[in-house]
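Novice: sequence first, then the predicted structure:
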There are 2 protein chains.
Amino acid sequence: MAGNAALSALRAELDETVLVTDPDSTERFAHDDAEWAPYGKPLAVVRARSTEDVVAVVRICAEHGVPVVPRGAGTGLSGGANAIDGCVLISLEGMNEILEINPREQLAVVQPGVINDDLRAACRERGAWYPPDPASSPWSTIGGNVATNAGGVCCVKYGVTRDYVLGIEAVVGAGEVVRLGRRTAKGVAGYDLCGLFVGSEGTLGVVTEITVKLLPGQRAPERTVVGYFDSLGEAGEAVANVAAAGVVPSALELLDQHCLRAVDEWKNMGLSAEASVLLLGRSDSPGQAGEQEVDALLDCFERGGATWSARSTDQQEADALFAARRLAYPALERLGPVLTEDVCVPRAEVPEMLGRIEAAAQRHDTQIANIAHAGDGNLHPLIITPPGDDDARERAQAAFDDIVADAIALGGTVTGEHGVGLLKRKGLHSELSSKVVSMHHDIKNALDEAGIFNPGKVFGTPES
Amino acid sequence: MAGNAALSALRAELDETVLVTDPDSTERFAHDDAEWAPYGKPLAVVRARSTEDVVAVVRICAEHGVPVVPRGAGTGLSGGANAIDGCVLISLEGMNEILEINPREQLAVVQPGVINDDLRAACRERGAWYPPDPASSPWSTIGGNVATNAGGVCCVKYGVTRDYVLGIEAVVGAGEVVRLGRRTAKGVAGYDLCGLFVGSEGTLGVVTEITVKLLPGQRAPERTVVGYFDSLGEAGEAVANVAAAGVVPSALELLDQHCLRAVDEWKNMGLSAEASVLLLGRSDSPGQAGEQEVDALLDCFERGGATWSARSTDQQEADALFAARRLAYPALERLGPVLTEDVCVPRAEVPEMLGRIEAAAQRHDTQIANIAHAGDGNLHPLIITPPGDDDARERAQAAFDDIVADAIALGGTVTGEHGVGLLKRKGLHSELSSKVVSMHHDIKNALDEAGIFNPGKVFGTPES
């Protein structure tokens, strides 16, 4: 009933090209890239063109008590953008204008649908740099990056999305438009509500504009260090060595044999013949300082037990290795539904955590591939099951739960950068005290009186 | 009545040395360093030794509806820590232990009463660096820095306190102890409640432990560039040039003739004979990159109209200039009650804003000295009045209000780093929309059901 009334109201206000209700057409918007997360049937999809469209949707949905689920490109890995039965999905892909790039003020203003790589390229042309670079950067949107507080390869030195969001425009409550944050370098007038919205996965409102901080575009060329290892444990030791040496590389990525083989099978790069585990380090410090970092990284790799390690002298080869890193996830997806982990542990615990992941794979007789933003302690064990094998799925889920428990036991978190969405809700309830969870509910209820913004996600109680 | 009952309960739970009720003794805790802000008579001061002491106070105060005002060293400049009539002040100065310095995980854990400079010195000994450096760093506490999200000299390149707070322990609600944030490099499990507490000026709870992020301690020696200018306008142009050139110095500070003269009169440094306005720039980039930044800064200073500019070759002299910067505020305080501004404007608007400050001084026949974190656009016009001159105070207040209005008109904020406290409440209500202010109340009411945490501060309606 509420659905029908809301639909009539939406039809009265929105253009036919904007409002999509045909189930065949809405289906493709109904889920993100978390293949294991459930999703419902949306009432409608609104392909928003403007803040006004979003206001209309929020106003009508608040009036009728219909859930609102915002989404960007749908590259999320935890089900945060998945449809709830009877919800209105707001697709923000069409709001993809870069409104301002201002190198003098070191900021850019964008609509939420701008693709991450497109923003970086446009900034480069103006002599500025937008650092956050999730592996999904060719496809994911800034709005989605803000919703999940996305990380990436350069975070180990340059921080995550939140560190670059200065201000937002959002549609909140019953359709009010608010501006949170600032355009100035500093500002402490009131609570950091902008920061509260970053990483809130659409549960507090719909972000319709984003002001991001930029860094100067002139960067020293990156030097790349490559290490081959026989085992995850040895590569993990090398990572712990880097932390202990006080070196902050501009990237420190790990790929294991499962990833290397999957990339080889797809792109024929010949990586898996060389190493069981690959560590890729980078330094972007200029001049002598960069040379010293490269030497320190090589020393850390060797002391960790690298069978071979060297500074890459061929920029094309170095770029190809990082491209392989980016392709690892889609390459693995070709093999079957991937259950994606995203734990983050203290740097010194990386070897121990990698060992526990291997043990979980053995214990539950399941295949686990490892990609990692190793320098951050942010590990992505990817659990792979043959399509249609229900028993394997159960074993995979058991391994997933063990890995989450191990990460918490080692002083880590259940999600370093993908967000909680649907998949990590049980983990969140294990990680946070009940009082902290109730603070989440208190804030959500205070800011979302109608209870319409992505209800049940993040800190909602999971059914299973 | 509530006060008497609360006092009895506090007496029953707390040691005599911890609970201070003698009015002569409580008076010195009753206000911070904002000389113009009003303050009330506290019911008692609790010199907390532990989280348990804080829990006892919060529990008793929540039960009896007595306001709780946390304070560090009392170096705040906006009245945020000022006593409310009948409140219990919790002094956290005694909780001053550094609990952990962990260079491998790039973090430190401290109690809130640790002095900023003491933390930095202890980190240096362990090969790590804690960057945030408010001018009050020899006296102010990390807890106070967290409460106000304090800035400082190196923020222009290295960010503010919030950028370094990974996690906190806080006493909230009716005395519950919560841990917010994390110890890992990344983490997105739930809302950024830790970030929400940073800069909340004691209105959401009492912070009893802080985990901060550290950077590696090995830094290149800083190169210092000095510029003399005949006018604020020309120095402002030099600052705007630096922003336009895309240079990010590790410091860019401005002192005008009033500040230079006040420091000279106190410390006899002979600065004011040399220049009307002094710009101090620094670069800490290593090697050739640092040389290039120094050259670029000199070029920006010269194009701005410097009468003299040079790279300092004498490290002692350079350090003395930055020491003068730090002394400017106490030096001016010797001349009479200082009304401190803290506006922050877009970098390109620095010359315009400096011009408007001069105009406000003339229009209201009042003396305004200028210190500025110029590279951030964060200006501190300091309005000085002769002691006991009521008419001058009124003119000063009128100039203060004009400057706040000008900052907002130029796209700036009323407070860059000092916090709102009592002095900037009117400004906050001008800067934020009524919906955004009501979101503050909603969050405050949701997390502070008893309404006891520093009520009326920040976004409360000012009486005048």
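Specialist: All right, it came through fine.

Novice: I'd like the next helix or strand past the one helix or strand A:Ala62 maps to.
Specialist: A:Ala62 is part of helix A:51-64 when elements are defined by DSSP states H and E. As assigned by DSSP H and E, the chain's next helix or strand after helix A:51-64 is strand A:68-71.

Novice: which other helices and strands does that next one contact?
Specialist: helix A:51-64, strand A:88-91, helix A:142-148, strand A:206-213 (3 or more CB pairs under 8 Å, 6 or more residues apart in numbering or on different chains; DSSP states H and E). C-beta here means a position set from N, CA and C on the backbone, and glycine is covered the same way.

Novice: can you get me a residue count around the residue nearest to A:Asn96 when sequence neighbours are not counted?
Specialist: Spatially, and ignoring its direct neighbours in sequence, A:Asn96 is nearest to A:Gly113 (3.7 Å; CB to CB, 6 or more residues apart in numbering or on different chains). By the criterion of other CB atoms under 10 Å in any protein chain shown, A:Gly113 has 23 neighbours.

Novice: A:Gly113 and A:Ser140 touch, don't they?
Specialist: No. Judged on CB atoms under 8 Å, A:Gly113 makes no contact with A:Ser140 at a distance of 10.6 Å.

Novice: list the residues that contact both of the two?
Specialist: A:Gly72 (CB atoms under 8 Å, 6 or more residues apart in numbering or on different chains).

Novice: measure stretch A:379-390 end to end?
Specialist: 26 Å (CA to CA, to the nearest Å).

Novice: please identify the buried residues of the lowest-mean-pLDDT helix or strand in chain A?
Specialist: None of the helices or strands of chain A scores lower by mean pLDDT, DSSP states H and E than helix A:315-333, at a mean of 90. By neighbour count on 16 or more other CB atoms under 10 Å in any protein chain shown, the buried set for helix A:315-333 is A:318, A:321-322, A:324-333.

Novice: got TSV for those residues, with distance to chain B too?
Specialist: Putting the buried residues of helix A:315-333 into TSV (distance: CB to the nearest CB, whole Å) gives the following:
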residue	distance to chain B
A:Ala318	21
A:Leu321	23
A:Phe322	19
A:Ala324	23
A:Arg325	17
A:Arg326	18
A:Leu327	22
A:Ala328	19
A:Tyr329	18
A:Pro330	22
A:Ala331	24
A:Leu332	22
A:Glu333	22
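
Novice: return the most buried member of the helices and strands packed on strand A:68-71.
Specialist: helix A:142-148 (a mean of 31; mean count of other CB atoms under 10 Å in any protein chain shown).

Novice: how far is that helix from where the chain is centred?
Specialist: Helix A:142-148 sits 8 Å away from the centroid of its parent chain (CA atoms, centre = their mean, to the nearest Å).

Novice: can you list the residues of the stretch 301-450 of chain A near chain B?
Specialist: Neighbours of chain B within the stretch 301-450 of chain A, by CB under 8 Å from any CB of the partner chain: A:344-348, A:373, A:375-378, A:411-420, A:424, A:427-428, A:431-433, A:435-437, A:439-440, A:442-443, A:445-447.
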